[in-house]
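[1] Dropping the sequence and predicted coords here.
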Amino acid sequence: MFASRKTPRTINVITLSPTKRETYLQLRSRRYSHAVLKYDPGHPILSIQQEEEFWKNEVAKGQHMIWDIIFKKSATIGFVHAFNFNDNTCETGISILFQKYRKKGYGYEAYRILFEILRQMSISTTFIWTTALNISAIALYRKLGFTLAETQTDNDLTWVKYMRCL
Ligand SMILES: CC(C)(COP(=O)(O)OP(=O)(O)OC[C@H]1O[C@@H](n2cnc3c(N)ncnc32)[C@H](O)[C@@H]1OP(=O)(O)O)[C@@H](O)C(=O)NCCC(=O)NCCS
């Protein structure tokens, strides 16, 4: 008998672990690669010095949280972020850094784990901003149950905000 479409494609393949400064910096060129930035033009590109500042002023202080997306308990294949904490809400984001790990359900799995972490932190709503061109991200967020909350146009670029209650 065939497995139903609702059967999770990834069971215990993905884990999340708070990232270390070294891992985050080591994967810097991957984070800024064309494959990652293609549909994500809003992603800020920081110099190494700016990254160190960001780490010291935001990550180390817990204002911007980052987790490694770990594949089969060995390789870091991307990161998930939680930031802009305000009351019981925060913004989140994700990148899967290697093409071969995309469209396999790992982004979905990573976000499901992130939701659980955020619930434990008493966060009740999360939102994301991306561009209307980012079809992969929008497909992922919609599948996760996010709904469109706002649209903004900035020059020629349309930005979309998606929200989800946890
Ligand atoms: C967006 C991103 C995280 C998606 O991760 P992923 O692991 O490939 O997504 P998943 O495999 O979990 O896919 C979830 C759903 O979205 C769909 N999807 C993912 N990429 C898609 C694409 N390019 N086109 C159409 N659907 C897509 C999947 O098919 C799946 O739905 P299904 O199960 O019904 O088939 C990944 O493409 C990425 O890192 N992109 C670059 C960085 C980025 O844009 N981050 C978001 C910034 S807001």
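    Structure received.
[2] Which strand runs longest in this protein?
    Taking DSSP state E as the criterion, the chain has its longest strand at strand 75-86.
[3] ok, residues contacting that strand?
    For strand 75-86, the external contacting residues (C-beta atoms under 8 Å, 6 or more residues apart in numbering) are 16, 19, 23-24, 27, 31, 58, 63-71, 90-98, 101, 106-107, 110-111, 114, 117-118, 123, 126. (C-beta placed from N, C-alpha, C; glycine too.)
[4] Starting from that strand, tell me which strands it pairs with and how they run.
    Here strand 75-86 is paired, per DSSP bridges, with strand 65-71 (antiparallel), strand 89-96 (antiparallel).
[5] Just the mean pLDDT for that strand, thanks.
    Across strand 75-86, pLDDT averages out at 97.
[6] since we're on the spatially closest residue to Y32 that is not a sequence neighbour, how many residues are nearby?
    Of all residues not flanking Y32 in the chain, I45 sits nearest, at 5.7 Å (C-beta to C-beta, 6 or more residues apart in numbering). Using other C-beta atoms under 10 Å, I45 has 9 other residues around it.
[7] Wait, I45 touches S29, no?
    No - I45 is beyond contact range of S29, at 11.3 Å (criterion: C-beta atoms under 8 Å).
[8] what's the residue nearest to Q152 when sequence neighbours are not counted in contact with, if anything?
    Using C-beta to C-beta, 6+ apart and skipping residues adjacent in sequence, the residue nearest Q152 is W159, 4.6 Å away. Neighbouring residues of W159 by C-beta under 8 Å, 6+ apart: 42, 129-132, 151-153.
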